[in-house]
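Chemist: Return a 3D structure for these sequence lines:
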Amino acid sequence: MLTREQNMPAAFASRRILLVEDDEELRYAYAAHLTANGFLVEEAGDLASAHKSFAATRPDVAILDFRLSGGTALDLLPKFKELEPTVPIIVLTGYGSMELGVALIKSGAEQCLAKPVEASALLMIVHKLLENSRNQQKTLANNTRRRRVVLNPFLGESPVIRRLAEAAAKVANSQSPVLIQGETGCGKGVLATWLHENGPRAEEPFIDLNCAGLSREFLESELFGHEKGAFTGALNAKPGLLEVGHRGTVFLDEIGDIDPNVQPKLLKVVEEKRFRRMGDVRDRFVDVRLIAATHQDLRHLIETKVFRSDLYFRISTVPLAIPPLRERQDDIPAIAHSLLLRICSDMARPPAQISPKAVERMRSYYWPGNIRELRNVLERALLFTDRQVLEPGDLSFEPGPEHGSNSYQSDWTLEDLERFHISAAFTNENQNVEKTARRLGIAKSTLYQKLKTLHLI
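Modeler: Residues are numbered from 1 along each chain as shown. Take a look at the predicted model:
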């Protein structure tokens, strides 16, 4: 009676095994034992079906009988390695010799076992190969993590950011797709990274791609990869980011910009975990957690036939909304302090501070560029002063399209409008009260009072 082996590693549960054996009785015995121990087993009995199954299932390990109908393992190994070079392959042979073993290893086999092989021994070797493969993935992922600074997306104690932190903590361990919504510069990428690092795939790859402005062809090639000759200039086959991120997390920023013709292919990945490289006719299996982000109103894009409703409902299983900085002004001191420490470190200078008046000036500003703009303001201030304490006069809010009429929000109050207009004029005149009053057409004393009331000085 087949039983489940003791101490089966949890990390190996549901891993895929391709078992290629032309002896049906032996294939059944091996498959039953592997299945009883938590593996998903795909079976094949000849050369052609083995190649087809390997291309379609993307196994974690392949077990391959040497002599098959239509050829031998030496015919299959190069094809398997071309398709998936990292998949470990075990070859079983009843015709063992030193020369054959060397030839099989050179062709890409990880292990060569002489028949007959006990099912329990085969299982132990599968575990060993998976453990080696997992350790290699951990090393690669850890090296990537060391290069990637994981920031705290929940700095501050405002009610809106506390609610976001609570919601994110609840979904971090989920495998469901997440849709992060928020204005440009509010930290969507930071939150996506945090979700990955605090989820069950933290030791696996984290792949991010900003979809804004990418052509259909480039986006398809980046996401799905391509075969040699798929288009002009495709001199070699290339795996896509989905394959690179297998078992990890794929973060698609600005997903609202994805070409409508690519959207159904992405939907297939989310629903069926399958995709095709450009120029290929074979489906490939991939296991990734999708995190998407956008600053756009996807429901409006659905109404205008720019975004597919079925894709929207699949990626928005867990929606998370990041509040703009103007809705969490009490958090600005904590965020500014954290940013300032990192900027000073990058500049190799001692940690700087922000004066209370400078903090109040930042709190009164509308921040249309959100946290990204706050970082720019602080970095610019440090570049032009040697002082260790930043004052209001050191903060320069550079005018640009994002500060003009296009930044107007229909829910602004008159006080919002007044603060925004006076702050922009005061900044443009380099904090000169007399010039600013003349520019605004009001008395100097009136402007001075308004600057105090609005905490701009």
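
Chemist: Flag the shaky bits of this structure, pLDDT-wise.
Modeler: In the prediction, the chain carries residues with pLDDT under 70 at positions 1-14, 96, 137-150, 398-413, 416, 427-428, 430, 455-457.

Chemist: Domain-wise, how is it divided?
Modeler: As assigned by automatic domain parsing, the chain contains the domains 10-140, 159-321, 326-453.

Chemist: Let me have those domains in JSON lines, adding distance to Leu151 as columns.
Modeler: C-beta coordinates here come from the backbone N, C-alpha and C atoms, glycine included. Output for these, formatted as JSON lines (distance: least, C-beta to C-beta, whole Å):
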{"stretch": "domain 10-140", "distance to Leu151": "22"}
{"stretch": "domain 159-321", "distance to Leu151": "5"}
{"stretch": "domain 326-453", "distance to Leu151": "8"}
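
Chemist: what's the burial count for Glu391?
Modeler: Neighbours of Glu391 under the rule other C-beta atoms under 10 Å: 16.

Chemist: quick one, which of the domains of the chain is nearest to Pro153?
Modeler: domain 159-321 (4.4 Å; C-beta to C-beta).

Chemist: what's the span of the closest one, first residue to last?
Modeler: 13 Å (C-alpha to C-alpha, to the nearest Å).

Chemist: again, but for stretch 361-370
Modeler: 15 Å.

Chemist: residues of that stretch that come out buried?
Modeler: Neighbour-count burial for stretch 361-370, counted by 16 or more other C-beta atoms under 10 Å, picks out Arg361, Met362, Arg363, Ser364, Tyr365, Tyr366, Trp367, Pro368, Gly369, Asn370.

Chemist: list the contacts for Leu164?
Modeler: By C-beta atoms under 8 Å, 6 or more residues apart in numbering, the contact set of Leu164 is Pro153, Phe154, Leu320, Ala321, Ile322, Pro323.

Chemist: so who does the fifth one touch?
Modeler: For Ile322, the residues meeting the contact criterion (C-beta under 8 Å, 6+ apart) are Pro153, Leu164, Ile180, Gln181, Gly182, Glu183, Cys186, Gly187, Lys188, Leu191.

Chemist: Just these: which are in helices?
Modeler: Among these, the ones falling in helices (DSSP state H) are Leu164, Lys188, Leu191.

Chemist: what would these look like in JSON lines with distance to Arg380?
Modeler: As requested, the ones in helices among the contacts of Ile322 are exported to JSON lines (distance: C-beta to C-beta, whole Å):
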{"residue": "Leu164", "distance to Arg380": "28"}
{"residue": "Lys188", "distance to Arg380": "23"}
{"residue": "Leu191", "distance to Arg380": "25"}
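
Chemist: with these in mind, which one is nearest to Val117?
Modeler: Distances from Val117 to the ones in helices among the contacts of Ile322, taken by C-beta to C-beta, are shortest for Leu191, at 48.8 Å.

Chemist: Please report the distance of that closest one from Cys211.
Modeler: 17 Å (C-beta to C-beta, to the nearest Å).

Chemist: How about Ile371?
Modeler: Counting by C-beta to C-beta - Ile371 and Cys211 are separated by 21 Å.

Chemist: okay, these two: which has more neighbours?
Modeler: Ile371 (25 against 21).

Chemist: Go ahead and confirm the more buried one touches Glu183.
Modeler: No - in this structure, Ile371 is not within contact of Glu183 by C-beta atoms under 8 Å, at 9.9 Å.

Chemist: got any residues that touch both of these two?
Modeler: If you check Ile371 and Glu183 against C-beta under 8 Å, 6+ apart, no residue is contacted by both.

Chemist: wait, what's in contact with the residue nearest to Lys115 when sequence neighbours are not counted?
Modeler: If the residues on either side of it in the chain are set aside, Lys115 comes closest to Gly94, at 4.2 Å by C-beta to C-beta, 6 or more residues apart in numbering. Neighbouring residues of Gly94 by C-beta under 8 Å, 6+ apart: Phe66, Arg67, Ala114, Lys115.

Chemist: Could you do Thr184 as well?
Modeler: His295, Gly369, Asn370, Arg372.

Chemist: Please tell me I have it right and Val117 contacts Gln111.
Modeler: No - using C-beta under 8 Å, Val117 is not in contact with Gln111; the gap is 10.1 Å.
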